[in-house]
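Chemist: starting from these lines, generate the structure:
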Amino acid sequence: LLLLFEACASFVPLSPLQPSASRASPAHSRCKMSSYGLGFDFGTSGARINVVEEERLKVVYEASCSYSEQSPQVWVDALETLTSNIPEELRRSIRRISVSGTSASVMMYDRRGRRVTRGPRMYDYSASAASVGVVAAFAPQGHTVRSPTSTLPKLIMWDQEEKIGADEVLCHQADFLSSQFSGRTDKFVSDWNNILKLGYDVKELQYPQWMADLFSSQRISMDILPDVVRPGGEICKISEEAMKKFGLPSDCLVVGGTTDSTAAFIASRASSPGEAVTSLGSTLAIKILSKEPVDDASFGVYSHRLGDMWLVGGASNVGCAVLRQENFGTDELIRLSDLIDPMEDPPEELKGYYPLTKVGERFPKNDPTAQPILEPKPDSRQTYLHALLAAIARVEAEGYAQLKRMGATPVTKVFTAGGGSSNEMWRRMRERLVGVKVERARFSDAAYGVALLALDRAYDK
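Modeler: Below you'll find the predicted structure:
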(Lines give C-alpha, C1' and ligand atoms only; values in the text may rest on other atoms or scores of the structure.)
Protein backbone atom coordinates (compact mmCIF):
# COMPACT_ATOMS: atom_id res chain seq x y z
CA LEU A 1 0.00 0.00 0.00
CA LEU A 2 1.09 3.52 -0.68
CA LEU A 3 1.83 5.75 2.28
CA LEU A 4 0.94 9.41 2.24
CA PHE A 5 3.79 11.81 2.87
CA GLU A 6 2.82 15.17 4.34
CA ALA A 7 6.00 16.99 3.36
CA CYS A 8 4.81 18.39 0.04
CA ALA A 9 1.32 19.15 1.27
CA SER A 10 2.58 21.05 4.32
CA PHE A 11 4.96 23.24 2.33
CA VAL A 12 3.57 26.76 1.90
CA PRO A 13 4.89 28.03 -1.46
CA LEU A 14 5.02 31.42 -3.07
CA SER A 15 2.19 31.82 -5.58
CA PRO A 16 1.70 30.70 -8.36
CA LEU A 17 3.25 27.35 -7.35
CA GLN A 18 0.90 24.94 -5.59
CA PRO A 19 2.28 21.57 -4.45
CA SER A 20 0.04 18.53 -4.21
CA ALA A 21 0.35 15.49 -1.98
CA SER A 22 3.19 13.06 -2.54
CA ARG A 23 3.20 9.30 -2.19
CA ALA A 24 5.94 6.85 -1.33
CA SER A 25 6.10 3.08 -1.40
CA PRO A 26 7.52 1.01 1.46
CA ALA A 27 10.08 -0.16 -1.10
CA HIS A 28 12.03 3.04 -0.50
CA SER A 29 13.14 1.57 2.85
CA ARG A 30 15.46 -0.72 0.85
CA CYS A 31 17.29 2.24 -0.66
CA LYS A 32 20.56 1.36 1.09
CA MET A 33 20.91 -1.61 -1.24
CA SER A 34 19.24 -0.16 -4.34
CA SER A 35 19.82 2.56 -6.89
CA TYR A 36 17.12 4.88 -8.16
CA GLY A 37 16.33 7.12 -11.10
CA LEU A 38 14.60 10.46 -10.66
CA GLY A 39 12.41 11.72 -13.50
CA PHE A 40 10.89 15.20 -13.79
CA ASP A 41 8.07 16.02 -16.18
CA PHE A 42 7.27 19.70 -16.65
CA GLY A 43 3.93 19.96 -18.43
CA THR A 44 1.46 22.64 -19.40
CA SER A 45 0.03 23.19 -15.90
CA GLY A 46 2.43 21.60 -13.45
CA ALA A 47 5.38 19.36 -12.69
CA ARG A 48 5.49 15.72 -11.59
CA ILE A 49 8.28 13.49 -10.37
CA ASN A 50 8.73 9.73 -10.11
CA VAL A 51 11.54 7.96 -8.30
CA VAL A 52 11.94 4.48 -9.79
CA GLU A 53 13.91 1.53 -8.43
CA GLU A 54 16.49 0.32 -10.93
CA GLU A 55 16.04 -3.46 -10.82
CA ARG A 56 12.25 -3.88 -10.82
CA LEU A 57 11.41 -0.49 -12.38
CA LYS A 58 8.88 0.13 -9.61
CA VAL A 59 7.77 3.61 -8.59
CA VAL A 60 8.79 4.13 -4.97
CA TYR A 61 7.95 7.81 -4.68
CA GLU A 62 5.88 10.30 -6.65
CA ALA A 63 4.81 13.90 -6.14
CA SER A 64 3.48 16.85 -8.09
CA CYS A 65 3.18 20.62 -8.07
CA SER A 66 0.78 22.72 -10.12
CA TYR A 67 1.46 26.23 -11.35
CA SER A 68 -0.69 28.95 -12.86
CA GLU A 69 1.93 30.61 -15.04
CA GLN A 70 4.89 29.58 -17.16
CA SER A 71 8.11 31.26 -16.04
CA PRO A 72 11.65 30.04 -15.37
CA GLN A 73 11.47 31.02 -11.69
CA VAL A 74 8.21 29.14 -11.17
CA TRP A 75 9.76 26.05 -12.78
CA VAL A 76 12.86 26.30 -10.58
CA ASP A 77 10.69 26.72 -7.48
CA ALA A 78 8.77 23.57 -8.45
CA LEU A 79 11.98 21.63 -9.11
CA GLU A 80 13.52 22.64 -5.79
CA THR A 81 10.33 21.94 -3.82
CA LEU A 82 9.79 18.51 -5.36
CA THR A 83 13.43 17.48 -4.94
CA SER A 84 13.77 18.72 -1.36
CA ASN A 85 10.61 16.89 -0.27
CA ILE A 86 11.88 13.46 -1.37
CA PRO A 87 12.67 11.53 1.83
CA GLU A 88 16.30 12.18 2.74
CA GLU A 89 17.35 8.52 2.81
CA LEU A 90 15.89 7.98 -0.66
CA ARG A 91 17.57 11.12 -2.04
CA ARG A 92 20.97 9.72 -1.01
CA SER A 93 20.39 6.69 -3.26
CA ILE A 94 19.37 8.54 -6.45
CA ARG A 95 22.01 7.82 -9.08
CA ARG A 96 20.60 9.34 -12.27
CA ILE A 97 18.34 12.34 -13.05
CA SER A 98 16.47 13.26 -16.24
CA VAL A 99 14.03 16.06 -17.14
CA SER A 100 11.31 16.37 -19.77
CA GLY A 101 9.68 19.62 -20.87
CA THR A 102 7.10 20.82 -23.34
CA SER A 103 8.24 20.64 -26.95
CA ALA A 104 9.74 23.80 -28.52
CA SER A 105 9.50 25.79 -25.27
CA VAL A 106 12.61 27.93 -25.45
CA MET A 107 14.42 30.93 -23.97
CA MET A 108 17.64 32.92 -24.22
CA TYR A 109 20.08 32.93 -21.32
CA ASP A 110 22.96 35.24 -20.39
CA ARG A 111 25.84 32.91 -19.52
CA ARG A 112 27.83 35.72 -17.94
CA GLY A 113 25.00 37.27 -15.93
CA ARG A 114 23.47 33.81 -15.25
CA ARG A 115 19.89 34.88 -15.99
CA VAL A 116 17.16 34.38 -18.57
CA THR A 117 17.13 37.36 -20.92
CA ARG A 118 14.27 36.51 -23.29
CA GLY A 119 11.25 34.26 -23.12
CA PRO A 120 10.12 31.74 -22.50
CA ARG A 121 8.37 31.31 -25.80
CA MET A 122 6.29 28.26 -25.09
CA TYR A 123 5.22 25.26 -27.15
CA ASP A 124 2.09 27.05 -28.41
CA TYR A 125 3.74 30.39 -29.27
CA SER A 126 3.66 31.19 -33.00
CA ALA A 127 6.59 33.10 -34.49
CA SER A 128 6.05 35.86 -37.04
CA ALA A 129 5.54 35.21 -40.73
CA ALA A 130 8.79 37.07 -41.41
CA SER A 131 10.85 34.74 -39.22
CA VAL A 132 9.14 31.66 -40.70
CA GLY A 133 9.98 33.02 -44.14
CA VAL A 134 13.67 33.28 -43.28
CA VAL A 135 13.68 29.67 -42.05
CA ALA A 136 11.72 28.43 -45.07
CA ALA A 137 14.34 29.90 -47.42
CA PHE A 138 16.89 27.40 -46.07
CA ALA A 139 15.06 24.46 -44.45
CA PRO A 140 14.10 21.44 -46.57
CA GLN A 141 10.51 21.08 -47.76
CA GLY A 142 8.33 19.32 -45.17
CA HIS A 143 10.78 19.96 -42.29
CA THR A 144 9.17 20.57 -38.91
CA VAL A 145 11.14 23.82 -38.41
CA ARG A 146 8.97 25.44 -41.09
CA SER A 147 6.12 25.52 -38.57
CA PRO A 148 5.70 28.84 -36.69
CA THR A 149 5.54 26.99 -33.36
CA SER A 150 8.94 25.33 -33.85
CA THR A 151 12.02 26.51 -31.99
CA LEU A 152 14.04 27.87 -34.91
CA PRO A 153 11.57 30.56 -36.08
CA LYS A 154 11.25 31.75 -32.48
CA LEU A 155 15.03 32.16 -32.31
CA ILE A 156 15.16 34.02 -35.63
CA MET A 157 12.33 36.27 -34.45
CA TRP A 158 14.30 37.21 -31.33
CA ASP A 159 17.28 38.15 -33.50
CA GLN A 160 15.02 40.22 -35.75
CA GLU A 161 13.63 42.08 -32.74
CA GLU A 162 17.08 42.75 -31.27
CA LYS A 163 20.41 41.21 -32.28
CA ILE A 164 21.40 38.30 -30.07
CA GLY A 165 24.08 39.40 -27.60
CA ALA A 166 27.60 38.00 -27.38
CA ASP A 167 26.83 36.29 -24.05
CA GLU A 168 23.37 34.99 -24.92
CA VAL A 169 22.83 31.26 -25.51
CA LEU A 170 19.70 29.29 -26.34
CA CYS A 171 18.12 26.62 -24.16
CA HIS A 172 14.90 24.64 -24.08
CA GLN A 173 12.80 24.28 -20.95
CA ALA A 174 14.23 20.81 -20.22
CA ASP A 175 17.81 21.97 -20.91
CA PHE A 176 17.42 24.88 -18.49
CA LEU A 177 15.96 22.73 -15.74
CA SER A 178 18.52 19.93 -16.01
CA SER A 179 21.21 22.63 -15.68
CA GLN A 180 19.93 23.25 -12.15
CA PHE A 181 21.56 19.90 -11.37
CA SER A 182 24.49 19.91 -13.81
CA GLY A 183 25.58 23.55 -13.53
CA ARG A 184 26.12 23.58 -17.32
CA THR A 185 25.00 27.09 -18.32
CA ASP A 186 27.99 28.39 -20.34
CA LYS A 187 26.67 26.12 -23.08
CA PHE A 188 23.53 24.14 -22.39
CA VAL A 189 23.09 20.47 -23.20
CA SER A 190 19.98 19.27 -24.99
CA ASP A 191 18.78 15.91 -26.33
CA TRP A 192 17.69 14.42 -29.65
CA ASN A 193 14.00 14.99 -28.89
CA ASN A 194 13.98 18.58 -27.62
CA ILE A 195 16.48 19.67 -30.28
CA LEU A 196 14.43 18.34 -33.23
CA LYS A 197 12.36 21.51 -33.75
CA LEU A 198 15.51 23.62 -33.68
CA GLY A 199 16.71 21.88 -36.84
CA TYR A 200 19.31 19.43 -35.52
CA ASP A 201 19.74 16.41 -37.81
CA VAL A 202 18.89 13.51 -35.51
CA LYS A 203 19.83 10.99 -38.19
CA GLU A 204 23.34 12.29 -38.84
CA LEU A 205 23.65 13.60 -35.24
CA GLN A 206 24.88 17.05 -36.21
CA TYR A 207 23.62 20.52 -37.02
CA PRO A 208 23.03 20.44 -40.80
CA GLN A 209 24.77 22.63 -43.35
CA TRP A 210 21.54 24.45 -44.23
CA MET A 211 21.40 25.68 -40.59
CA ALA A 212 24.97 26.94 -40.83
CA ASP A 213 24.07 28.76 -44.05
CA LEU A 214 20.98 30.30 -42.43
CA PHE A 215 22.92 31.45 -39.36
CA SER A 216 25.66 32.90 -41.57
CA SER A 217 23.08 34.85 -43.57
CA GLN A 218 21.67 36.34 -40.36
CA ARG A 219 25.11 36.84 -38.76
CA ILE A 220 24.24 34.62 -35.80
CA SER A 221 26.93 32.45 -34.22
CA MET A 222 26.28 28.71 -34.09
CA ASP A 223 28.02 28.77 -30.70
CA ILE A 224 24.77 29.88 -29.08
CA LEU A 225 23.25 26.44 -29.76
CA PRO A 226 23.23 23.63 -27.19
CA ASP A 227 25.44 20.57 -27.23
CA VAL A 228 23.43 17.40 -27.81
CA VAL A 229 23.30 13.94 -26.20
CA ARG A 230 20.89 11.07 -26.78
CA PRO A 231 17.88 10.82 -24.44
CA GLY A 232 19.22 9.04 -21.36
CA GLY A 233 22.84 9.71 -22.39
CA GLU A 234 25.27 11.02 -19.81
CA ILE A 235 25.72 14.79 -19.54
CA CYS A 236 27.89 15.00 -16.42
CA LYS A 237 27.97 14.37 -12.70
CA ILE A 238 25.81 16.56 -10.53
CA SER A 239 27.37 19.89 -9.57
CA GLU A 240 28.79 20.36 -6.11
CA GLU A 241 26.28 23.14 -5.50
CA ALA A 242 23.31 20.89 -6.32
CA MET A 243 24.79 18.01 -4.34
CA LYS A 244 24.96 20.16 -1.20
CA LYS A 245 21.58 21.86 -1.73
CA PHE A 246 19.61 18.66 -2.24
CA GLY A 247 21.62 16.03 -0.35
CA LEU A 248 22.21 13.98 -3.49
CA PRO A 249 25.20 11.60 -3.82
CA SER A 250 28.37 12.93 -5.42
CA ASP A 251 28.29 10.23 -8.14
CA CYS A 252 24.74 11.09 -9.25
CA LEU A 253 24.58 11.61 -13.03
CA VAL A 254 22.53 14.14 -14.98
CA VAL A 255 21.42 12.57 -18.27
CA GLY A 256 19.69 13.66 -21.45
CA GLY A 257 15.96 14.32 -21.24
CA THR A 258 13.07 14.36 -23.71
CA THR A 259 9.77 16.08 -24.50
CA ASP A 260 6.69 15.52 -22.36
CA SER A 261 4.74 13.65 -25.04
CA THR A 262 7.69 11.37 -25.82
CA ALA A 263 8.06 10.64 -22.10
CA ALA A 264 4.41 9.61 -21.95
CA PHE A 265 5.01 7.22 -24.86
CA ILE A 266 8.06 5.75 -23.10
CA ALA A 267 5.92 5.17 -20.01
CA SER A 268 3.59 2.89 -21.99
CA ARG A 269 6.49 0.41 -22.37
CA ALA A 270 5.91 0.10 -26.12
CA SER A 271 9.29 -1.07 -27.34
CA SER A 272 9.17 -2.72 -30.78
CA PRO A 273 8.64 -1.36 -34.31
CA GLY A 274 4.91 -1.28 -35.04
CA GLU A 275 3.88 -0.77 -31.41
CA ALA A 276 1.91 2.43 -30.95
CA VAL A 277 0.13 4.63 -28.45
CA THR A 278 -3.19 6.35 -29.11
CA SER A 279 -4.01 9.17 -26.71
CA LEU A 280 -7.76 9.69 -26.43
CA GLY A 281 -8.11 13.12 -24.89
CA SER A 282 -9.86 16.23 -26.15
CA THR A 283 -8.12 15.48 -29.42
CA LEU A 284 -6.76 12.22 -30.81
CA ALA A 285 -2.98 11.78 -31.05
CA ILE A 286 -1.12 8.73 -32.32
CA LYS A 287 2.53 7.78 -32.09
CA ILE A 288 4.18 4.66 -33.47
CA LEU A 289 7.65 3.16 -33.28
CA SER A 290 9.00 2.87 -36.80
CA LYS A 291 12.13 1.54 -38.45
CA GLU A 292 12.15 4.62 -40.68
CA PRO A 293 11.49 8.29 -39.95
CA VAL A 294 8.55 10.13 -41.51
CA ASP A 295 8.39 13.93 -41.72
CA ASP A 296 5.78 16.09 -43.39
CA ALA A 297 5.10 19.48 -41.81
CA SER A 298 1.95 19.95 -43.91
CA PHE A 299 0.35 17.08 -41.96
CA GLY A 300 2.07 17.97 -38.68
CA VAL A 301 3.92 14.64 -38.84
CA TYR A 302 7.49 14.38 -37.57
CA SER A 303 9.77 11.77 -36.04
CA HIS A 304 11.68 11.68 -32.78
CA ARG A 305 14.66 9.38 -32.60
CA LEU A 306 14.65 6.71 -29.88
CA GLY A 307 17.79 4.60 -30.10
CA ASP A 308 17.80 3.09 -33.59
CA MET A 309 14.04 3.52 -33.97
CA TRP A 310 11.84 6.48 -34.76
CA LEU A 311 8.78 7.70 -32.91
CA VAL A 312 6.46 8.94 -35.65
CA GLY A 313 3.43 10.95 -34.60
CA GLY A 314 0.41 12.82 -35.85
CA ALA A 315 -2.54 14.53 -34.17
CA SER A 316 -6.13 15.00 -35.32
CA ASN A 317 -8.53 17.74 -34.24
CA VAL A 318 -11.11 15.00 -33.78
CA GLY A 319 -11.37 13.63 -30.24
CA CYS A 320 -13.37 13.33 -27.06
CA ALA A 321 -14.09 17.07 -26.92
CA VAL A 322 -17.06 16.41 -29.21
CA LEU A 323 -18.66 14.27 -26.48
CA ARG A 324 -18.65 17.22 -24.08
CA GLN A 325 -19.91 19.50 -26.86
CA GLU A 326 -22.86 17.14 -27.42
CA ASN A 327 -23.59 17.10 -23.65
CA PHE A 328 -22.66 13.51 -22.87
CA GLY A 329 -22.02 13.34 -19.12
CA THR A 330 -19.90 10.68 -17.44
CA ASP A 331 -22.84 8.68 -16.08
CA GLU A 332 -24.60 8.72 -19.45
CA LEU A 333 -21.43 7.64 -21.27
CA ILE A 334 -21.02 4.68 -18.93
CA ARG A 335 -24.68 3.67 -19.16
CA LEU A 336 -24.98 3.94 -22.94
CA SER A 337 -21.61 2.32 -23.63
CA ASP A 338 -22.85 -0.81 -21.84
CA LEU A 339 -25.72 -0.99 -24.35
CA ILE A 340 -23.59 -0.67 -27.51
CA ASP A 341 -22.35 -3.75 -29.38
CA PRO A 342 -18.74 -2.98 -30.39
CA MET A 343 -18.88 -5.65 -33.10
CA GLU A 344 -21.67 -3.83 -34.94
CA ASP A 345 -21.44 -0.69 -37.09
CA PRO A 346 -23.80 2.24 -36.53
CA PRO A 347 -26.60 2.73 -39.09
CA GLU A 348 -25.36 3.34 -42.62
CA GLU A 349 -26.69 6.90 -42.79
CA LEU A 350 -24.52 7.86 -39.78
CA LYS A 351 -21.22 6.53 -41.15
CA GLY A 352 -20.34 9.86 -42.74
CA TYR A 353 -19.69 11.57 -39.41
CA TYR A 354 -16.46 13.54 -39.01
CA PRO A 355 -16.72 14.72 -35.40
CA LEU A 356 -14.70 17.95 -35.34
CA THR A 357 -15.65 20.67 -32.86
CA LYS A 358 -14.43 23.46 -35.13
CA VAL A 359 -13.45 24.01 -38.76
CA GLY A 360 -10.11 22.56 -39.92
CA GLU A 361 -8.24 19.27 -39.88
CA ARG A 362 -4.53 18.54 -40.25
CA PHE A 363 -4.16 14.79 -39.81
CA PRO A 364 -4.88 12.20 -41.16
CA LYS A 365 -6.11 14.56 -43.88
CA ASN A 366 -4.74 18.06 -44.35
CA ASP A 367 -7.78 20.24 -44.94
CA PRO A 368 -7.99 23.62 -43.16
CA THR A 369 -11.54 24.00 -44.48
CA ALA A 370 -12.82 20.64 -43.18
CA GLN A 371 -16.24 21.04 -41.58
CA PRO A 372 -17.66 19.14 -38.59
CA ILE A 373 -20.11 16.51 -39.86
CA LEU A 374 -22.58 15.48 -37.14
CA GLU A 375 -25.73 15.08 -39.22
CA PRO A 376 -28.15 13.46 -39.52
CA LYS A 377 -28.66 13.28 -35.74
CA PRO A 378 -30.72 10.27 -34.59
CA ASP A 379 -33.40 10.48 -31.92
CA SER A 380 -31.65 7.80 -29.83
CA ARG A 381 -28.76 9.03 -27.66
CA GLN A 382 -27.37 5.49 -27.67
CA THR A 383 -27.29 5.39 -31.46
CA TYR A 384 -25.77 8.88 -31.57
CA LEU A 385 -22.99 7.92 -29.14
CA HIS A 386 -22.35 4.73 -31.12
CA ALA A 387 -21.91 6.77 -34.31
CA LEU A 388 -19.61 9.33 -32.65
CA LEU A 389 -17.32 6.71 -31.07
CA ALA A 390 -17.17 4.74 -34.32
CA ALA A 391 -16.29 7.90 -36.24
CA ILE A 392 -13.41 8.73 -33.88
CA ALA A 393 -12.19 5.13 -34.16
CA ARG A 394 -12.26 5.36 -37.97
CA VAL A 395 -10.12 8.51 -37.81
CA GLU A 396 -7.68 6.59 -35.59
CA ALA A 397 -7.55 3.69 -38.05
CA GLU A 398 -7.07 6.08 -40.98
CA GLY A 399 -4.28 7.81 -39.04
CA TYR A 400 -2.27 4.61 -38.77
CA ALA A 401 -3.00 3.83 -42.43
CA GLN A 402 -1.79 7.30 -43.41
CA LEU A 403 1.47 6.90 -41.49
CA LYS A 404 2.00 3.57 -43.26
CA ARG A 405 1.46 5.25 -46.64
CA MET A 406 4.02 7.88 -45.64
CA GLY A 407 6.60 5.15 -44.94
CA ALA A 408 6.20 4.28 -41.27
CA THR A 409 6.26 0.71 -40.00
CA PRO A 410 2.72 -0.78 -40.09
CA VAL A 411 0.95 -0.83 -36.73
CA THR A 412 1.01 -4.17 -34.90
CA LYS A 413 -0.32 -3.26 -31.44
CA VAL A 414 -1.90 -0.18 -29.86
CA PHE A 415 -1.64 0.93 -26.25
CA THR A 416 -4.25 3.49 -25.19
CA ALA A 417 -3.79 6.47 -22.90
CA GLY A 418 -6.00 9.41 -21.98
CA GLY A 419 -9.51 9.64 -20.59
CA GLY A 420 -11.03 7.50 -23.34
CA SER A 421 -8.79 4.57 -22.49
CA SER A 422 -11.11 3.44 -19.66
CA ASN A 423 -14.03 2.60 -21.99
CA GLU A 424 -13.84 -1.18 -22.52
CA MET A 425 -16.59 -1.27 -25.15
CA TRP A 426 -14.79 1.41 -27.16
CA ARG A 427 -11.50 -0.48 -26.85
CA ARG A 428 -13.12 -3.53 -28.47
CA MET A 429 -14.68 -1.38 -31.19
CA ARG A 430 -11.36 0.29 -31.94
CA GLU A 431 -9.59 -3.08 -31.98
CA ARG A 432 -12.01 -4.23 -34.68
CA LEU A 433 -11.65 -1.09 -36.77
CA VAL A 434 -7.88 -0.62 -36.44
CA GLY A 435 -7.35 -4.34 -37.03
CA VAL A 436 -4.72 -5.03 -34.34
CA LYS A 437 -4.71 -5.76 -30.63
CA VAL A 438 -5.64 -2.71 -28.56
CA GLU A 439 -5.07 -2.53 -24.83
CA ARG A 440 -4.97 0.09 -22.12
CA ALA A 441 -1.47 1.32 -21.30
CA ARG A 442 -0.51 0.16 -17.82
CA PHE A 443 1.51 3.34 -17.31
CA SER A 444 0.87 6.70 -18.94
CA ASP A 445 2.51 9.12 -16.50
CA ALA A 446 5.22 11.03 -18.36
CA ALA A 447 7.21 11.31 -15.11
CA TYR A 448 7.51 7.51 -15.09
CA GLY A 449 8.79 7.59 -18.66
CA VAL A 450 11.42 10.18 -17.73
CA ALA A 451 12.50 8.10 -14.73
CA LEU A 452 12.98 5.11 -17.06
CA LEU A 453 15.03 7.41 -19.26
CA ALA A 454 17.08 8.46 -16.22
CA LEU A 455 17.86 4.79 -15.60
CA ASP A 456 18.64 4.29 -19.33
CA ARG A 457 15.92 1.65 -19.49
CA ALA A 458 13.51 3.42 -21.85
CA TYR A 459 14.44 1.86 -25.20
CA ASP A 460 17.02 -0.27 -26.95
CA LYS A 461 20.17 1.74 -27.69
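
Chemist: report the spatially nearest residue to residue 185, omitting neighbours in sequence.
Modeler: The shortest distance from residue 185 to any non-neighbouring residue, by CB to CB, 6 or more residues apart in numbering, is to residue 179 (5.2 Å). All C-beta spots, glycine's among them, are computed from the backbone N, C-alpha and C.

Chemist: swap that for residue 346, please
Modeler: In space, residue 346 is closest to residue 387, 4.1 Å off (CB to CB, 6+ apart).

Chemist: residues near the one you found, how many?
Modeler: Residue 387 is flanked by 24 other residues according to other CB atoms under 10 Å.

Chemist: circling back to that earlier point, so which helix or strand takes in the residue nearest to residue 185?
Modeler: Using DSSP states H and E, residue 179 falls within helix 173-182.

Chemist: mind giving me the packing neighbours of that helix?
Modeler: Using 3 or more CB pairs under 8 Å, 6 or more residues apart in numbering; DSSP states H and E, the elements in contact with helix 173-182 are strand 36-42, helix 72-84, strand 94-101, strand 106-110, strand 189-191, strand 234-237, helix 240-246, strand 253-255.

Chemist: these: which one's closest to residue 148?
Modeler: strand 106-110 (13.2 Å; CB to CB).

Chemist: which element follows that closest one toward the C-terminus?
Modeler: Stepping forward along the backbone from strand 106-110, the first helix or strand reached (DSSP H and E) is strand 115-121.

Chemist: list the helices and strands that following strand packs on?
Modeler: Where contact means 3+ CB pairs under 8 Å, 6+ apart, strand 115-121 is packed against strand 106-110, helix 151-161.

Chemist: can you put these in a markdown table and add distance to residue 22?
Modeler: Shown next, in a markdown table, are those (distance: least, CB to CB, whole Å):
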| stretch | distance to residue 22 |
| --- | --- |
| strand 106-110 | 28 |
| helix 151-161 | 33 |
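
Chemist: what mean pLDDT does stretch 97-113 have?
Modeler: When pLDDT is averaged along stretch 97-113, the result is 96.

Chemist: mind telling me what element the spatially most central residue of the chain is part of?
Modeler: In the chain, the centroid-proximal residue (CA atoms, centre = their mean) is residue 261; its distance is 1.7 Å. Here residue 261, judged by DSSP H and E, is contained in helix 260-267.

Chemist: can you give me the buried ones in whichever helix or strand comes after that helix?
Modeler: Once the chain leaves helix 260-267, the next helix or strand it forms, by DSSP H and E, is strand 275-280. Within strand 275-280, the residues that count as buried by 16 or more other CB atoms under 10 Å are 275-280.

Chemist: and of those residues, the nearest to residue 195?
Modeler: Residue 195 lies nearest to residue 277 out of those, by CB to CB, at 22.1 Å.

Chemist: for the closest one, give the beta-bridge partners.
Modeler: Per DSSP bridges, residues listed as beta-bridge partners of residue 277: residue 287, residue 415.

Chemist: that one and residue 266 touch, don't they?
Modeler: No - with contact defined as CB atoms under 8 Å, residue 277 does not reach residue 266; the gap is 9.6 Å.

Chemist: shaky segments in this structure?
Modeler: Counting by pLDDT under 70, the chain has low-confidence residues at 1-21, 25-33, 459-461.

Chemist: could I get the full set of helices for it?
Modeler: Remark: helices assigned in the chain by DSSP state H are 7-10, 72-84, 88-91, 129-136, 151-161, 173-182, 209-218, 240-246, 260-267, 321-325, 330-337, 381-406, 424-434, 446-454.

Chemist: most packed of these?
Modeler: Comparing those by mean neighbour count (mean count of other CB atoms under 10 Å), helix 446-454 ranks first with a mean of 30.

Chemist: returning to what we had before: who wins for proximity to residue 128 among the helices and strands packed on strand 115-121?
Modeler: Taking these one by one with CB to CB, helix 151-161 is closest: 5.3 Å.

Chemist: residues contacting residue 435?
Modeler: Residues in contact with residue 435 (CB atoms under 8 Å, 6 or more residues apart in numbering) are residue 397.

Chemist: got it, and residue 202?
Modeler: Per CB under 8 Å, 6+ apart, neighbours of residue 202: 192, 195-196, 303-305.
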